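**Q** how would this look folded up:
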Amino acid sequence: GDTFEKEVPVNFMIMIETFHRGVALYAMAQKKKGRQYRARAETIRKTMEKWMKCGNPNVVYFVEFLTAEHYALTSKLDKAEEHYRKSIVFTARTGVLHHSGLFNERYADFLQNKRKD
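**A** As a prediction, the model looks like this:
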């Protein structure tokens, strides 16, 4: 978690670990409606946005996906759907198939639970 990032600040795995923590926190926030999950997920999304604005090209699709999760949690369904689709297309086109699969699963969960499709 946060301790790992402080102990080894230059390790590239921090991006991936931080992203996956964010995904888990957003999933729990949607499932349990807990404010503590949502607050931590928002912090992670904002951290990754900061990394992207500082010029890190490796977190662009992470930010896109976490933004979709944010909009799904705040019931902005049209925006959520747009960001889910963008993140899926981006990862599929760039060959990051493991994240594309994860994004498709979360998008399907969104459609089933929020859109009732």
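
**Q** and the spatially closest residue to Arg40 that is not a sequence neighbour, how far from Glu64?
**A** Spatially, and ignoring its direct neighbours in sequence, Arg40 is nearest to Leu25 (5.0 Å; CB to CB, 6 or more residues apart in numbering). C-beta: built from backbone N, CA, C; applies to glycine. Distance of Leu25 to Glu64, given as CB to CB, to the nearest Å: 17 Å.

**Q** one more: Tyr71?
**A** In terms of CB to CB, Tyr71 sits 11 Å off from Glu64.

**Q** give the residues shared as contacts by those two.
**A** Common contact partners of Tyr71 and Glu64 (CB atoms under 8 Å, 6 or more residues apart in numbering): His83.

**Q** now the helices: where do they sit in the protein?
**A** Ranges of helices in the chain, per DSSP state H, are 2-7, 13-32, 35-53, 60-73, 77-94, 97-110.

**Q** make a markdown table out of those and add distance to Lys116 and mean neighbour count.
**A** Formatted as a markdown table, those follow (distance: least, CB to CB, whole Å; neighbours: other CB atoms under 10 Å):
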| stretch | distance to Lys116 | mean neighbour count |
| --- | --- | --- |
| helix 2-7 | 37 | 11 |
| helix 13-32 | 15 | 17 |
| helix 35-53 | 22 | 17 |
| helix 60-73 | 13 | 23 |
| helix 77-94 | 11 | 17 |
| helix 97-110 | 11 | 16 |
